[in-house]
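J.: build me a model from this:
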Amino acid sequence: MSQVLMPKATAVWLVENTTLTFDQISAFTGLHPLEIQAIADGEVAGGMTGYDPTTNGQLTKEEIKRVEADGNARLKLSPRDVPMPQARSKGPRYTPVAKRQDRPDAIAWLLKTHPELQDSQVAKLVGSTKSTVQSVKDRTHWNMQNLRQRD
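T.: Numbering: from 1, shown residues only. From the prediction side, this is the model:
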């Protein structure tokens, strides 16, 4: 679920510029009602500049007026037309050329000292692929004669 950007600054703006109740502001920003009351009393966020939620598209002026008219209504975030970014899966990490021979050595050491680990766990620890782990385990790795078991 979407959350309000800069909730405390948004609460400051809503307290200063609207007639919403503390509970309505609290429900929208996720802050405690007593904290909203402290903002209104000037005890909290004294020098903080309010952040207008209508300028960045989180609220509309019509939504604020609707909720001001009804004391039991709650503010709702405006739907965003910007697509959410896709989370990229973590792939294999980059290893400098000088250190690339260390990965099979580390795989061999892990397989010898911790045989209870699964291939996927070893691959994740070392930052390699499951096929490389399997080839070291089966002793079919292309550089098997030069591998040294190193931590």
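J.: in which helix or strand does the residue nearest the centre of the chain reside?
T.: Residue closest to the mean C-alpha point of the chain, counted by CA atoms, centre = their mean, is Ala87 at 9.8 Å. Using DSSP states H and E, Ala87 sits in no helix or strand.
J.: ok, now Trp142?
T.: Going by DSSP H and E, Trp142 is not in any helix or strand.
J.: and the nearest residue to it once chain neighbours are set aside, how far is that from Asn143?
T.: Excluding the flanking residues, the one nearest Trp142 by CB to CB, 6 or more residues apart in numbering is Ser135, at 7.8 Å. Where you see a C-beta, it was placed from the backbone N, CA and C, and this is true even at glycine. Using CB to CB, to the nearest Å, Ser135 is found at 10 Å from Asn143.
J.: who has more neighbours, the two?
T.: Ser135 (17 against 11; other CB atoms under 10 Å).
J.: just the element for that one, please.
T.: Here Ser135 is assigned to helix 130-137, by DSSP H and E.
J.: show me what that helix packs onto, helices and strands only.
T.: Counting contacts by 3 or more CB pairs under 8 Å, 6 or more residues apart in numbering; DSSP states H and E, helix 130-137 packs against helix 102-113, helix 119-126.
J.: indicate which one of these is closest to Glu35.
T.: Ranking those by proximity to Glu35 (CB to CB) places helix 119-126 first, at 41.7 Å.
J.: next, the angle helix 102-113 makes with that closest one.
T.: On the basis of axes from the mean of the first three to the mean of the last three CA atoms, to 10 degrees, helix 119-126 is oriented at 130 degrees to helix 102-113.
J.: can you give me the buried ones in helix 119-126?
T.: Residues Asp119, Val122, Ala123, Val126 are the ones in helix 119-126 that count as buried (16 or more other CB atoms under 10 Å).
J.: so what's the closest residue in space to the first one that isn't next to it in sequence up against?
T.: Using CB to CB, 6+ apart and skipping residues adjacent in sequence, the residue nearest Asp119 is Val133, 4.6 Å away. For Val133, the contacting residues are Ile107, Leu111, Asp119, Val122, Ala123, Val126, by CB atoms under 8 Å, 6 or more residues apart in numbering.
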